[in-house]
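> heads up, no residue letters with this:
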């Protein structure tokens, strides 16, 4: 029965592991529900301020501000690009962290860059490869808040104003639907304004649009608010995607555990049946020998 005993111990071990993965699945499910609620709360503000900026630029296309970039601007050599990279604080989330880090490497290439990293996985990844990190925002990946988003925004806005970085992109994971997510790279600074090329017909009624004290002063106020809202949205979406990816990974682990347990149970029953058959054979042989 030594073989059967080893199989039984392994079944017990796999069952204990399944309890852990199932608990992680349930925890991620609860966190995902809370994160989705936060994401729904921020969307009206985010899209509202985005539409306001676009309306301003339609009425005042000549507005010139360092936060803005017109479609005619071209890329220059010698620029230092900034990347806000949002990863998780831990693994066991499928390809979630891997996709973000690989997308960052492909986008950054060998050009001068400054990395602003959220998440312990990203920090360890870049440090192991001797890639310098400009700023690491701790205690953010597992607790995205508006206050943390404002701190992050203020940090790289200061770098941008001092021309230490010439642009900033956010690498994060967005939820495509309830089950699927995709890695995205969105440029935040300078804010890209794409205006329609066709002229507005003369018979179209135009809405009066007044700004005080000036469009530039308004831009100075609302673009940082928009960026802070976008950063918070990216943090929450990434958190949702992390929990969703972990749920899928734990669900796959549970399914694998069920298959292993089923296979081991069959082997255990065969071993046990074989041992019982052998014992019956030995008893029968002993009884015949005494006759």
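Great, that's in hand. Small disclaimer: the values here were computed from a predicted structure and weren't measured.

> Residue 278: how many residues sit nearby?
Neighbour count of residue 278, defined by other C-beta atoms under 10 Å: 11. (C-beta placed from N, C-alpha, C; glycine too.)

> Just the element for it, please.
helix 215-290 (DSSP states H and E).

> Now do that helix: which elements does it pack against?
Secondary-structure packing of helix 215-290 (3 or more C-beta pairs under 8 Å, 6 or more residues apart in numbering; DSSP states H and E): helix 2-59, strand 81-86, helix 96-108, helix 146-161, strand 167-175, strand 181-189.

> Let me know the average pLDDT across it.
Mean per-residue pLDDT for helix 215-290: 79.

> can you give me the angle that helix makes with helix 96-108?
Helix 215-290 and helix 96-108 meet at an angle of 140 degrees, taking axes from the mean of the first three to the mean of the last three C-alpha atoms, to 10 degrees as the criterion.

> Which residues does stretch 161-172 contact?
Defining contact as C-beta atoms under 8 Å, 6 or more residues apart in numbering, one finds that stretch 161-172 is touched by 66, 76, 79-86, 100, 103-104, 107, 114, 156, 159-160, 183-190, 230-231, 234-235, 237-238.

> isn't there a strand covering residue 90?
No - checked against DSSP: H, G, I helix; E, B strand; the rest coil, residue 90 lies outside a strand; its state is coil.

> And for it, the neighbour number?
Residue 90, neighbours per other C-beta under 10 Å, totals 14.

> Then residue 229?
Counted by other C-beta under 10 Å, the residues lying close to residue 229 total 22.

> With residue 222 as the reference, measure out to it.
With the distance defined as C-beta to C-beta, to the nearest Å, residue 229 ends up 10 Å from residue 222.

> do the same with residue 169
In this view, residue 169 and residue 222 are 20 Å apart by C-beta to C-beta.

> So if I had to pick from the two, which one is more boxed in?
Just comparing residue 169 and residue 222: by other C-beta under 10 Å the higher neighbour count belongs to residue 169, 20 against 17.

> Now for the residue lying closest to the more buried one once chain neighbours are set aside: which residues touch it?
Excluding its sequence neighbours, the residue lying closest to residue 169 (C-beta to C-beta, 6 or more residues apart in numbering) is residue 187, at 4.8 Å. Residues near residue 187 by C-beta under 8 Å, 6+ apart: 167-169.

> Tell me, how many residues neighbour the closest residue to residue 24 other than its chain neighbours?
What sits nearest to residue 24 in space, not counting adjacent residues and going by C-beta to C-beta, 6+ apart, is residue 250, at 4.9 Å. Counted by other C-beta under 10 Å, the residues lying close to residue 250 total 24.

> what residues are up against residue 250?
21-22, 24-25, 28, 92.

> where's it relative to residue 244, distance?
11 Å.

> Please verify my assumption that residue 28 contacts residue 246.
Yes - if you go by C-beta atoms under 8 Å, residue 28 and residue 246 touch, sitting 4.5 Å apart.

> how about low-confidence regions in the stretch 1-150 of the chain?
Scanning the stretch 1-150 of the chain for pLDDT under 70 picks out the ranges 1-2, 39, 42-43, 45-47, 49-50, 53-54, 56-65, 69-78.

> Could you identify the most distant pair in the contacts of residue 250?
Farthest apart among those by C-beta to C-beta are 22 and 92. That separation is 13.2 Å.

> ok, back up a step: how much space between the residue nearest to residue 169 and residue 81?
Per C-beta to C-beta, residue 187 is found 10 Å from residue 81.

> picking up where we left off before, what's the closest of the contacts of residue 187 to residue 275?
Closest approach to residue 275 among the contacts of residue 187 (C-beta to C-beta): residue 169, at 64.7 Å.

> Quickly list what the closest one is bridged to.
Per DSSP bridges, the residues bridged to residue 169 are residue 83, residue 187.

> Got the confidence number for it?
We have a pLDDT of 90 for residue 169.

> Likewise for residue 176?
At residue 176, pLDDT is 74.

> Next, count neighbours for it.
Applying other C-beta under 10 Å, we find 11 residues neighbouring residue 176.
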